[in-house]
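[1] Need a 3D model of the following:
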Amino acid sequence: MKTARIGGGGIAGMAAAGALAAEGWDVHVYESRTAITDEGGAIVLFENMHRALERLGALDGAIANGDPKTRFSYRDHANRPHVASNANPMGGRYVYASRHEVHRALMDAAVSRGVTVHLGTRAVAADPDGSLTLDSGAEVRGDLVVAADGVGSALRDHDTIRPTVAWLGHYGIRVGIDAELSVAQPGEFWELWNGPLRLGFGRLGGRKSAAYLSAPIDGFTADASSMDVDVWLRSFPDQREVVEAIAEQVPSVAPFSKVTCDRWQAGRLAVIGDAAHGMPPHRGQGAAMAVLDAVHLGAVLGREGVRFGGTGLQSGSDVSRALEAWESEVRPIVDRTQRVAVSFCRMQDSWPQAAINARPWAFRRLIRRRALDLSLLPPVAA
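    Numbering: from 1, shown residues only. All right, here's what the predicted structure looks like:
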């Protein structure tokens with residue numbers, strides 16, 4: 001049985017674990033946290049994420065307490081629509097779900113396929129020869145190692161990978177709210193822009209809601225440690241309930257970055273998710289691209305194994321060739337998605353005030369030109 005060792009047990013790592021286990025690999029995941037706790041916030045599951053989660057056997061758990069959205073209000077401060085009234089900006093299925101429940105569903109699906117998860121164990125280095133070094137000093141080896149340890153990855157630092165992390169001068173907050181927001185009914189999703197500030201919110205299932213906001217430093221304290229509540233209340237006076245609900249959580253502020261790597265693979269090492277291509281959340285595709293990486297990694301390794309007479313990949317060079325094929329097939333989709341996410345981020349924080357009335361038109365035009373690429377995710381057979 002082929003072995004895989006994964007550093008990082010977030011959404012990307014758990015998705016990769018499940019995808020590889022489904023292809024018959026023996027998989028161990030090393031996660032620094034001692035428990036998978038709810039860190040708050042929600043995630044939009046578009047059609048591509050639905051198809052990927054279906055393949056991993058995690059969809060039902062991910063959306064059990066989510067809220068399917070059928071009415072959409074993407075607007076600016078003057079009530080000008082960014083998309084046609086009530087139009088789904090991406091098409092297909094659209095569910096707003098707890099990020100924690102998506103993560104938990106991926107973990108449960110992976111464990112059900114025999115994956116072993118080591119909590120409280122951090123992978124601190126990875127080598128293309130197929131080894132992970134743990135924080136204890138121990139070394140574990142596999143036919144494949146996967147770096148899935150996020151934007152600040154310690155596992156991708158190799159001359160062949162050559163990562164670059166560019167801070168975008170933009171910050172964000174996401175929170176879960178243990179109440180039903182009165183300004184958002186079930187089935188509704190709101191995203192409002194005012195100058196460089198963006199505020200989004202909607203109901204979840206289970207009498208809960210979620211919200212997010214993002215802005216350059218204008219929307220935060222000078223040290224970017226917390227939101228400037230007064231600025232948000234002035235910018236969105238009709239959404240006092242939402243702004244105050246966010247502030248009550250005393251949320252942490254996350255800087256937005258763009259991660260690029262010369263390569264996503266070297267030898268037996270694959271780099272996936274935010275570690276390979278972190279992006280701002282403006283298109284709601286960061287997690288979806290991480291899961292796409294994982295699903296297609298499993299598919300390519302399974303496909304390449306069949307080429308070797310059904311006996312599986314026979315050597316490190318076989319794994320390396322399979323990883324090269326994986327990157328060549330999935331990277332164009334992810335790179336294009338990342339470029340669009342950065343474009344939306346720049347449209348938010350750098351649009352000239354003198355031309356602000358034209359921004360909704362530009363938003364609609366960019367949305368129409370950038371539909372989801374589902375070419376690697378055909379529908380799951382019933």
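
[2] Could you use CA atoms for every contact and neighbour count after this?
    Noted.

[3] Can you list the strands that the lengthiest strand in the chain pairs with?
    Once the chain is assigned using DSSP state E, the strand that runs over the most residues is strand 163-177. Paired with strand 163-177 in the same sheet, following DSSP bridges, are strand 209-215 (antiparallel), strand 254-261 (antiparallel).

[4] can I get the CA coordinates of that strand in CSV?
    Provided in CSV are the C-alpha atoms of strand 163-177 (Å, rounded to 0.1, in the frame of the first residue of the first chain):
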residue,chain,number,x,y,z
PRO,A,163,7.5,30.7,-2.7
THR,A,164,6.6,34.4,-2.6
VAL,A,165,4.1,35.9,-0.2
ALA,A,166,2.9,39.4,-1.1
TRP,A,167,0.9,41.3,1.4
LEU,A,168,-2.0,43.1,-0.3
GLY,A,169,-2.5,46.0,2.2
HIS,A,170,-6.0,44.7,3.0
TYR,A,171,-7.5,43.1,6.1
GLY,A,172,-10.5,41.0,6.9
ILE,A,173,-12.7,39.6,9.7
ARG,A,174,-15.2,36.7,9.6
VAL,A,175,-17.4,35.6,12.5
GLY,A,176,-20.2,33.3,13.4
ILE,A,177,-23.1,34.8,15.2
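
[5] Mind listing what's buried along it?
    Using 16 or more other C-alpha atoms under 10 Å as the test for burial, strand 163-177 gives 163-165, 168, 170-177.

[6] Quick one: those as CSV, columns for pLDDT and distance to R339 too.
    Shown next, in CSV, are these (pLDDT from 0 to 100; distance: C-alpha to C-alpha, whole Å):
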residue, pLDDT, distance to R339
P163, 97, 17
T164, 97, 15
V165, 97, 15
L168, 96, 13
H170, 96, 16
Y171, 97, 18
G172, 97, 19
I173, 97, 22
R174, 96, 22
V175, 97, 26
G176, 95, 28
I177, 95, 31
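
[7] okay, and the helix or strand of the chain with the least pLDDT?
    Least confident helix or strand of the chain, by mean pLDDT, DSSP states H and E, is helix 359-369 with a mean of 82.

[8] what's it in contact with?
    Applying C-alpha atoms under 8 Å, 6 or more residues apart in numbering, the contact partners of helix 359-369 are 75-76, 80-83, 89-90, 344, 347, 351.

[9] Among those residues, name the least confidently predicted one.
    Here the lowest pLDDT out of these sits on P89, with 75.

[10] hang on, isn't that residue packed against V83?
    Yes - P89 lies in contact with V83 (C-alpha atoms under 8 Å); the separation is 6.5 Å.

[11] residue closest to the middle of the chain?
    In the chain, the centroid-proximal residue (C-alpha atoms, centre = their mean) is A287; its distance is 1.6 Å.

[12] just checking, that residue touches G273?
    Yes - counting by C-alpha under 8 Å, G273 is a contact partner of A287 at 7.3 Å.
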